[in-house]
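A.B. asks: Here is the input, now give the coordinates:
(one chain, ligands or ions: 1)
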Amino acid sequence: MGYNIRMKLSDENILRYSRNILIPEIGPEGQEKILCSSALVVGAGGLGSPALLYLAAGGVGRIGVIDRDRVEITNLNRQVIHAERSVGRRKVESAGDGIRAIRSDVLLEEHGAALTVENAVRLFRQYDVVIDGSDNFPTKFLCSDASVLTGVPLVHAGVLRFGGQMMAVVPGKGPCLRCLIPEIPPRRDTPTCAEAGILGGVAGIVGAWQAVEAIKIIAGAGKPLAGRLLTLDTLTGAVSVHDVSRDPQCPACGDSPRIRLPLEASEYEQERSCVI
Ligand SMILES: [Zn+2]
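C.D. replies: Numbers count the residues shown, from 1 in each chain. Below you'll find the model as predicted:
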């Protein structure tokens with residue numbers, strides 16, 4: 001086949017993932033890492049749907065998904081892992097069906113609960129990388145803090161209307177979400193998708209990009225978006241990358257952090273918003 005195979009890649013997997021393997025930055029070694037890797041996706045919604053599908057299609061060996069909600073008809077403009085017939089079903093089960101339909105050998109872990117201060121650190125420790133597809137700032141801050149405390153890289157993102165943003169939190173190699181936004185914004189300043197709307201394809205773009213970023217981190221390909229905030233405005237076509245520095249005063253990753261174990265629920269108190 002032209003590859004110097006010294007690893008566990010089966011002939012079937014060499015064929016299946018041949019288009020990944022052909023990329024010099026991935027290659028057979030990178031694909032082997034991907035197949036042996038694990039990823040957790042927080043939220044099986046607008047971001048989580050494409051992220052989960054591309055992680056599975058790309059060969060990530062073990063995939064966890066955590067979501068406590070059920071599929072609603074208003075989710076279907078963007079949450080493409082769920083089918084019409086799944087309205088009313090638990091999202092983790094519906095997403096599981098979607099994932100297995102494209103990849104039968106994936107090791108899938110369905111966590112039908114909310115991410116909380118009680119389970120976040122334990123769950124993060126079980127995976128190589130985490131994708132934040134959550135729908136609200138408290139959960140996004142909890143993801144960032146759990147990433148810092150466990151050292152597990154996180155791909156943060158958020159979307160609204162025609163726009164989105166993304167940044168990788170790679171502990172020890174860049175800032176965290178609290179370096180960018182020191183405190184959870186007041187609820188009145190953070191319109192939700194239920195209030196402001198979201199064009200489905202925008203969540204698709206950003207969620208798929210999160211999967212790419214996670215696979216880059218797993219395979220060691222390229223330069224992760226650590227310390228760089230990517231912003232996307234599909235209405236104007238503008239894509240920008242802004243440098244973000246680690247803040248020595250950051251309450252999570254600074255020199256004298258306030259956020260420590262065990263995590264306290266009072267750090268994340270804000271009214272829950274919509275489901276992205
Ligand atoms: Zn920080």
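A.B. asks: just how off-centre is the helix or strand of the chain with the lowest mean pLDDT within its chain?
C.D. replies: Sorting the helices and strands of the chain by mean pLDDT, DSSP states H and E puts helix 193-196 at the bottom, at a mean of 81. Taking C-alpha atoms, centre = their mean, to the nearest Å, one finds helix 193-196 lying 21 Å from the centre of the chain it belongs to.
A.B. asks: any idea of the mean pLDDT in the helix or strand just after that helix?
C.D. replies: For helix 193-196, the following helix or strand on the C-terminal side (DSSP states H and E) is helix 200-219. Per-residue pLDDT values across helix 200-219 average out to 98.
A.B. asks: next SSE after helix 200-219?
C.D. replies: Using DSSP H and E, the helix or strand that directly follows helix 200-219 along the chain is strand 228-233.
A.B. asks: near the ion at all, that following strand?
C.D. replies: No. Counting by C-beta under 5 Å from the ion, the ion is not contacted by strand 228-233; separation bottoms out at 13.0 Å. Where C-beta positions appear, they are placed from N, C-alpha and C, glycine not excepted.
A.B. asks: by contact count, what packs against that strand?
C.D. replies: Applying 3 or more C-beta pairs under 8 Å, 6 or more residues apart in numbering; DSSP states H and E, we find strand 228-233 packed against strand 163-169, helix 200-219, strand 238-243.
A.B. asks: other SSEs contacting the second one?
C.D. replies: Packed against helix 200-219 by the contact rule (3+ C-beta pairs under 8 Å, 6+ apart) you find helix 27-35, helix 48-58, strand 129-132, strand 154-160, strand 163-169, strand 228-233.
A.B. asks: Ranking the ones you listed by mean neighbour count, which comes first?
C.D. replies: strand 129-132 (a mean of 29; mean count of other C-beta atoms under 10 Å).
A.B. asks: Go ahead and confirm Val130 touches Val152.
C.D. replies: Yes. Taking C-beta atoms under 8 Å as the contact criterion, Val130 and Val152 are neighbours in contact, 5.9 Å apart.
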